[in-house]
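**Student:** okay, here's the prediction I keep looking at, along with the sequence it came from:
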Amino acid sequence: MNKFEALGFNNAIVKAVTELGFESPTPIQEKVIPVLLEGNTDLVALAQTGTGKTAAFGLPLTHLVDFTSRETQAVIICPTRELCMQITRDLQSYTKFIDGANIVAIYGGASIDNQSRDIKRGAQIVVATPGRLNDMIDRRRVNLTNVRYAVLDEADEMLNMGFKEDLDTILSQTPEEKNTWLFSATMPDEVLRISKNYMENPVEITAGVKNQGNDNIEHIYYVVQARDKYAALKRIADSNPDIFAIVFCRTRIETQEIAESLIKDGYGADSLHGDLSQAQRDQVMKRYRSRSLQMLVATDVAARGIDVNDVTHVINYNLPDEIENYTHRSGRTARAGKKGVSICIINMKEVGKIRVIERIIKKKFIQGTIPTGFEACEKQLFSLVSKIHNVEVNEAAIEAYMPKIYDELKDLSKEDIIKRFVSTEFNRFLDYYKNAPDLNAGAARGERSSTPGITKLFINVGELDQLDRNSLKDFIVEVSGVDASSVTNVEVKSSFSFIEVKAEVAEIITGTFKNQRYNNRAVRIESRGSKEGGEGRTRDRGRGGYGGGERRSSGGGSRGGYGGDRRSSGGGYGEKKSYGNSDRSERSDRGDRGGYGDRKKSYSGEKSFSGEKSFSKSSSSTGGGDRKSNFSREKRPRKQL
């Protein structure tokens, strides 16, 4: 016997949920459904997104509504078009075997005349966004005088979006004797006020703890410099080859810019924000649901109502303006009992906000370390190997080609064939991450590397001296006499470089280079924490940044952010000039809304440095294609300084 049948649903609904694969109710459904089926009651239900709230109110509603009548008996109000459409689809699936059932969605961005015609045909249940429903009430195209059930879904978000007056107007058009059901992920004071104004002795049901996050979500934050946020996003994506993520940005403009940059860099990405038409939004969501996209870059408002299974990661490119909205963002993953990861990419000043979020969601964050270029390459390599191992071979189709293939490869051993085949794809990725910098903010400031037992040294030679990673390492080993294994990492910049060495040989190396010259100029090696003057070891106001002044301070741009940090040209830092008082250089760290961002200095670099080579894959502006293998991208190098 299906457990939903035991709850008291009629046969048509039991048949529908069985076909949908529902076997057992979720915790919120177990608590809510019996209360609603018993009869007249108001209800306040608190549960996280992804726990089955729609079925919790949708199934009882479809059981209680009289579908032999053409009157509108129930209205469901929700904050966004996407959520409105999702609820409508769910209710239509629940009533699949009920004759005469008509559930109509009303939302902005679509023809109001078509929606009016659907209502006139007899809509027993109307699912609506507040603005469009208010408009149709004003035009007398919707009649709510016979409504017996009013459902407010995502009530906290509707209030955050400024729909309080609209809700007041809508609810005033409904009978006083109706039942009001309020569903929310969090319980701010405004939601409590609604329950007092429009409900009579409501039953309050909570699944979990108020405002608490989903137990199946792992929360991680990465601390990077503001200028490295985009590079960190790519590094995270490349270290998770099977990523299927939603990336949250604060503004529509930034959402579009980040999505375009990802597309140009060869990722399967697209944007979702309020400037898109309904047709465009539908197309984006269709591609995302079909997994033609790996990353959906979205604003908070646009992402509400996204109900997509198996989202692996939620990435907060910016922390939300309203900290409680973090609960809604992270709830896009780990749905239906599955596990997921919520990531925050922050700067040093935002660590305190992470602590605030921890208190609100009652979950502890893990401070993660942005993977190195080597680690990203390793992840991609073994992902490729796994795909090769598990690929399904079409024996019939490939058989005709095999004799010629065998003949071409006859002089190679099995080991050689494997190495060459893997290298065909892997070399591209290896090139991309050649000399990739450490993006973790902590590693860029102290004398020590982020790895225990390793010391990071500065040397004032680099690419302009015709040195690369290998030749510089050979130079260090030859002059100092230390073992090559003691030099663990080399990062070559334009006129300087960083070397990571085992702590026990750091003094030996710095000592042997005191009077050393290279190409007739003095070479200096010292620990990263040195305060002495010279070619760019510290970010000293009014003096050269790293590399002898290549990144000069603007000398007083108090509103600047980091210069040259706009990524609309395609992700990485181009050769774009930025000037001291510009407050547009880093939209994600604007310094508004409670102190986001670092606004102390402004750097107007003559040429800014991306930290990573960038490459592109031909793509339209509306999408990046299916990035099934990160190795298949065309490499388009940018000038790396």
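**Tutor:** Yes, it's here. Numbering: from 1, shown residues only.

**Student:** every contact and neighbour count from this point should use C-alpha atoms.
**Tutor:** Will do.

**Student:** in contact with the residue sitting nearest the centre point of the chain, which residues?
**Tutor:** Per Cα atoms, centre = their mean, the C-alpha nearest to the average position across the chain is that of Val247, at 2.1 Å. By Cα atoms under 8 Å, 6 or more residues apart in numbering, the residues touching Val247 are Met295, Leu296, Val297, Ala298, Val314, Ile315, Asn316, Tyr317.

**Student:** looking at this, Val490 is in a strand?
**Tutor:** Yes - membership of Val490 in a strand is supported by DSSP: H, G, I helix; E, B strand; the rest coil.

**Student:** just checking, it touches Ile499?
**Tutor:** Yes - Val490 is in contact with Ile499 according to Cα atoms under 8 Å; the separation is 4.6 Å.

**Student:** more neighbours: which of these two?
**Tutor:** The neighbour comparison of Val490 against Ile499 (other Cα atoms under 10 Å) goes to Ile499, with 26 against 21.

**Student:** contact partners for Gln278?
**Tutor:** Per Cα under 8 Å, 6+ apart, neighbours of Gln278: Gly109, Ala110.

**Student:** so how far is Ala302 from it?
**Tutor:** 11 Å (Cα to Cα, to the nearest Å).

**Student:** I'd like the mean pLDDT over the helix or strand containing the residue nearest to the centre of the chain, please.
**Tutor:** Element membership for Val247, per DSSP states H and E: strand 245-248. Strand 245-248 comes out with an average pLDDT of 96.

**Student:** again with stretch 67-83
**Tutor:** In this model, stretch 67-83 carries a mean pLDDT of 92.

**Student:** now do stretch 320-334
**Tutor:** Averaging the model's pLDDT scores along stretch 320-334 yields 82.

**Student:** quick one: the strands in the stretch 1-150 of the chain, in order.
**Tutor:** 43-46, 74-77, 103-106, 125-128, 149-153 (DSSP state E, counting those that start in this stretch).

**Student:** mean neighbour count and distance to Tyr401 for those strands - can I get that in a markdown table?
**Tutor:** Listed next are the strands of the stretch 1-150 of the chain as a markdown table, based on neighbours: other Cα atoms under 10 Å; distance: least, Cα to Cα, whole Å:
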| stretch | mean neighbour count | distance to Tyr401 |
| --- | --- | --- |
| strand 43-46 | 23 | 61 |
| strand 74-77 | 26 | 60 |
| strand 103-106 | 24 | 54 |
| strand 125-128 | 26 | 57 |
| strand 149-153 | 23 | 58 |
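
**Student:** next, count neighbours for Gln173.
**Tutor:** Gln173: 14 neighbours (other Cα under 10 Å).

**Student:** ditto for Lys120
**Tutor:** Neighbour number of Lys120 under other Cα under 10 Å is 15.

**Student:** heads up, I number from 40, so please use that
**Tutor:** Sure, I'll start numbering at 40, so the last one becomes Lys159.

**Student:** got a pLDDT number for it?
**Tutor:** For Lys159, the model assigns a pLDDT of 92.

**Student:** so where is the stretch 90-239 of the chain shaky, pLDDT-wise?
**Tutor:** Across the stretch 90-239 of the chain, residues meeting the criterion (pLDDT under 70) sit at 227.

**Student:** over to the stretch 390-539 of the chain?
**Tutor:** For the stretch 390-539 of the chain (pLDDT under 70), the answer is 481-491.

**Student:** hmm, Val500 is touching Phe537, no?
**Tutor:** No - counting by Cα under 8 Å, Val500 does not reach Phe537; the two are 9.5 Å apart.
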